[in-house]
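Enquirer: let's see this in three dimensions:
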Amino acid sequence: MKLRLLLTIVGVAVLATSVQARENALLSTGFAISHDHHEQRGAITRLYFSSSEDQYVDVETEKIVGFESDNASQVLGAPAESKRFLGPTSPDLNEIVEKASSENQLDPDFVHAVIRAESSGNPAAVSRRGAQGLMQLMPETASKLGVRNSFDANENVSAGTRYLRELLGRYHNDPVRALAAYNAGTGRVQQYSGVPPYKETRAYVAKIIRDFNRRKLQQEQAAKASKTLAKRAGIHRADGD
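Expert: Numbers count the residues shown, from 1 in each chain. From the prediction side, this is the model:
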């Protein structure tokens, strides 16, 4: 059975959040890395994927040709066409997530929410603890799941989604405990008989639930608006007849 709207499962309200501007690091290879902010450390520039600075990737400074606002259309001196890493709205990533979600009977929006929380959609992301790729698999977890290359989007998402499905089965389809275990480990969830009292883990779980609920709410509103427009169009046609 597919994981349904978390709002009805855990009763978490959708909270309004401010949207912060992100930026892209334009690389000499023609690629760009979307991130929250950066810090130059001599020969290395650290790109942080969130304001909390717990997820980042180090890039050789000389390989960065410039920065741009994430929604900027042009940047002086930047390559004419920058190929960006797969993001949460990339058609390629959508296809990967759809396939993995279908195989593991999960809602793809749930998997997308996890990816956004874990790596902001960057397949090259590496955390300070060594977690890798889109779904931030720890090397030992990746090895157990049969992953050969955690930076391969297909392998990473397939394994991460399969692991989420295993955790949901372990915790009787309780998404809160499953997410807590994904972040802090099953041992910690067992130790505390639920979500561990860690600020990071609690913020992580809440962020994914809010993101998932917000997406579902948007879908519902869009569907209602579409039905209303269709109904009005039908009335107008009837009046015209």
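
Enquirer: and the strands in the protein?
Expert: 23-27, 31-35, 37-41, 44-48, 55-60, 64-69, 83-84, 126-127 (DSSP state E).

Enquirer: just send those strands back as CSV, with distance to Val205 too.
Expert: (Each C-beta comes from the backbone N, C-alpha and C, glycine too.) Shown next, in CSV, are these (distance: least, Cβ to Cβ, whole Å):
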stretch, distance to Val205
strand 23-27, 27
strand 31-35, 23
strand 37-41, 24
strand 44-48, 21
strand 55-60, 16
strand 64-69, 30
strand 83-84, 28
strand 126-127, 17
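
Enquirer: any idea which of those strands scores lowest on pLDDT?
Expert: The weakest mean pLDDT among the strands of the chain belongs to strand 83-84, with a mean of 42.

Enquirer: any idea how the protein splits into domains?
Expert: 23-84, 87-216 (automatic domain parsing).

Enquirer: looking at those, which is buried most?
Expert: domain 87-216 (a mean of 19; mean count of other Cβ atoms under 10 Å).

Enquirer: that older thread, now for the domains of the chain, which one comes closest to Arg232?
Expert: Closest approach to Arg232 among these (Cβ to Cβ): domain 87-216, 24.9 Å.

Enquirer: can you get me a residue count around Arg232?
Expert: 10 (other Cβ atoms under 10 Å).

Enquirer: could you check how far it is from Lys224?
Expert: 13 Å (Cβ to Cβ, to the nearest Å).

Enquirer: pLDDT (mean, whole number) over stretch 191-206?
Expert: Mean predicted confidence for stretch 191-206 is 94.
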